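S.K.: Quick one, fold the following:
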Amino acid sequence: MSVLVSLRDVMRDYAINGDAVHAVRGVSLDIAQGEYAAIVGPSGSGKSTLLHLIGAIDQPSAGSVTIGGERVDALNDRELTRLRLRRVGFVFQRFYLMPMLSARENVELPMAEAGVPKAERRKRASELLGYVELSHRERHRPTQLSGGEQQRVAIARALANRPGLLLADEPTGELDARTGAEIVALFERLNNDGTTIVVVTHDEGLGRAARRVIHMKDGRVVGED
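M.R.: As a prediction, the model looks like this:
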């Protein structure tokens, strides 16, 4: 399989109250096209920071990040915004849906930002909501949906612009065990259908579902399963 994401000697340092925090310390890592990887480790191990670097939400203090052969750390803000919009989908612990919009309208948002014509984005949003088994809820607003349904809408929204890479940060963290298991099954189906997935998780079920588990501690990758 070809390499989709490549990190080389990546570091991310922060200054908090005058103190240096070394969140990621010299990580080198490749993610192959079609892979399903979970990043696990204790709180403060740097796993969410690493995910943000992989997705170009954050920039490294040193080292390089490449997505699809393109050096992310060399892009300007406009280029980074376009890359995130077109090539990377994000799912978070909190759903971040727009409360005044319906499920379908929430899924349409990234396509509207990308300039997709209205009829095309409406069709695509309906197809995605069907894929996550929410066709019957597409006119409902977030407050009318359960937590699991809101997360499925968020996943559909993340897939709107057909990204090659889906990143998820604790996507089952706000859900009960049964609903979390439904999201785990959905991620497995997405990967089986060809989506490259990287998740950060404390959820043992989600970790077991991944084909590759990357262990972090103190900002470093310390092993893999």
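S.K.: For this protein, spot the helix or strand the model is least confident about on average.
M.R.: None of the helices or strands of the chain scores lower by mean pLDDT, DSSP states H and E than helix 204-209, at a mean of 86.
S.K.: bridging residues for the spatially most central residue of the chain?
M.R.: Nearest to the centroid of the C-alpha atoms of the chain, with distances taken as CA atoms, centre = their mean, sits Leu167, at 1.8 Å. Bridge pairing for Leu167 (DSSP bridges) gives the partners Phe90, Val198.
S.K.: got a list of contacts for the strand or helix carrying Glu188?
M.R.: Assessed by DSSP states H and E, Glu188 sits inside helix 177-192. Helix 177-192 is contacted from outside by 34, 36, 132, 146-148, 151-152, 155, 159, 166, 168, 171-172, 175, 197, 199, 203, 205-206, 209, 211, using CB atoms under 8 Å, 6 or more residues apart in numbering. C-beta: built from backbone N, CA, C; applies to glycine.
S.K.: Buried subset of the residues you listed as a PyMOL selection?
M.R.: For the buried members of the contacts of helix 177-192, the matching PyMOL selection, counting by 16 or more other CB atoms under 10 Å, is:
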select buried, resi 34+36+132+148+151+152+155+159+166+168+171+172+175+197+199+203+206+209
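S.K.: related to what we said a few turns ago, give me the average confidence score over the helix holding Glu188.
M.R.: The pLDDT scores in helix 177-192 average 93.
S.K.: same thing with stretch 13-31?
M.R.: The average pLDDT for stretch 13-31 rounds to 91.
S.K.: Tell me the buried residues in that stretch?
M.R.: Ala23, Val24, Arg25, Val27, Leu29, Ile31.
S.K.: Make sure I have this right: the fifth one is in a helix.
M.R.: No - the assignment for Leu29, made by DSSP: H, G, I helix; E, B strand; the rest coil, is strand rather than a helix.
S.K.: And the nearest residue to it once chain neighbours are set aside, what's its pLDDT?
M.R.: Nearest residue to Leu29 in three dimensions, chain neighbours excluded: Leu7, at 4.6 Å (CB to CB, 6 or more residues apart in numbering). At Leu7, the model reports a pLDDT of 97.
S.K.: can you list contacts of the strand or helix carrying Leu7?
M.R.: Using DSSP H and E, Leu7 sits in strand 3-16. Residues outside strand 3-16 that contact it (CB under 8 Å, 6+ apart) are 20-33, 35, 46, 49-50, 53-54, 58, 60-68, 164-165, 196, 198.
S.K.: Okay, and which of those map to helices?
M.R.: Thr49, Leu50, Leu53, Ile54 (DSSP state H).
S.K.: wait, which of those residues is closest to Ala103?
M.R.: Compare each of the ones in helices among the contacts of strand 3-16 with Ala103 using CB to CB and the shortest gap goes to Ile54, at 27.7 Å.
S.K.: residue contacts, that closest one?
M.R.: The contact partners of Ile54, by CB under 8 Å, 6+ apart, come to Val5, Leu7, Ile31, Val65, Ile67, Leu165, Leu167, Val198.
S.K.: Is it possible to get those residues out as a markdown table so that each row also shows distance to Val91?
M.R.: Formatted as a markdown table, these follow (distance: CB to CB, whole Å):
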| residue | distance to Val91 |
| --- | --- |
| Val5 | 17 |
| Leu7 | 20 |
| Ile31 | 16 |
| Val65 | 20 |
| Ile67 | 17 |
| Leu165 | 12 |
| Leu167 | 7 |
| Val198 | 11 |
